[in-house]
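[1] I'll drop the sequence and a predicted model, then ask my questions.
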Amino acid sequence: MAKAIWNGVVLAESNQTVVVEGNHYFPASAINREYFKESSHHTTCHWKGVASYYTLEVNGQKNENAAWYYPTPSAKASQIKDHVAFWRGVQVLP
């Protein structure tokens, strides 16, 4: 089972992640929402579409824009709709 961990807390856990470009995308239903705050940050991938971000808050510490998702991914990336991926120090254990 894959887990995403930051600051000693499991942020997400699932045995149904989708791996794209080396990143595990966790189903949205598998994330612990109490640690996720919407961010106004967005980026664009030429083949996946526009990504939205979450800032993580754990034990009083913030990790800005450390999780991302594609609300409306392109048809080529449809498998990651309603999935969340991590970076910026979040450890993902496959």
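    Perfect, thanks for sending it.
[2] quick check, pLDDT for the spatially most distant residue from the centre of the chain.
    Each residue of the chain has a distance to the centre, and by CA atoms, centre = their mean the biggest one is for G60: 19.8 Å. Confidence at G60, expressed as pLDDT, is 96.
[3] now it: how far from Y54?
    Counting by CB to CB, to the nearest Å, the gap from G60 to Y54 is 17 Å. Any C-beta I mention is one placed from the backbone N, CA and C, and that applies to glycine too.
[4] just give me the neighbour total for N23.
    Per other CB atoms under 10 Å, the neighbour tally for N23 reads 16.
[5] quick one: N65 from T72, how far?
    N65 sits 19 Å away from T72 when distances are taken as CB to CB.
[6] identify the residue nearest Q79 in space, chain neighbours excluded?
    Using CB to CB, 6 or more residues apart in numbering and skipping the chain neighbours, the partner closest in space to Q79 is V18 (5.1 Å).
[7] check contacts around that neighbour.
    By CB atoms under 8 Å, 6 or more residues apart in numbering, the residues touching V18 are H24, Y25, Q79, I80, H83.
[8] surely the second one touches F86?
    It refers to Y25. No. Under the criterion of CB atoms under 8 Å, Y25 is not in contact with F86, lying 9.3 Å apart.
[9] V18 versus A75, what's the distance?
    15 Å.
[10] related to what we said a few turns ago, neighbour count for N65 and T72, which is higher?
    Per other CB under 10 Å, whichever of N65 and T72 has more neighbours is N65, with 19 against 10.
[11] can you give the strand pairings for whichever strand or helix holds the more buried one, parallel or anti for each?
    Here N65 sits within strand 61-69, counting by DSSP states H and E. Sheet pairing here is set by DSSP bridges, and for strand 61-69 it gives strand 49-58 (antiparallel), strand 83-86 (antiparallel).
[12] got a list of contacts for it?
    6-7, 11, 25, 28, 31, 36, 39, 41, 43, 51-57, 80, 82-90.
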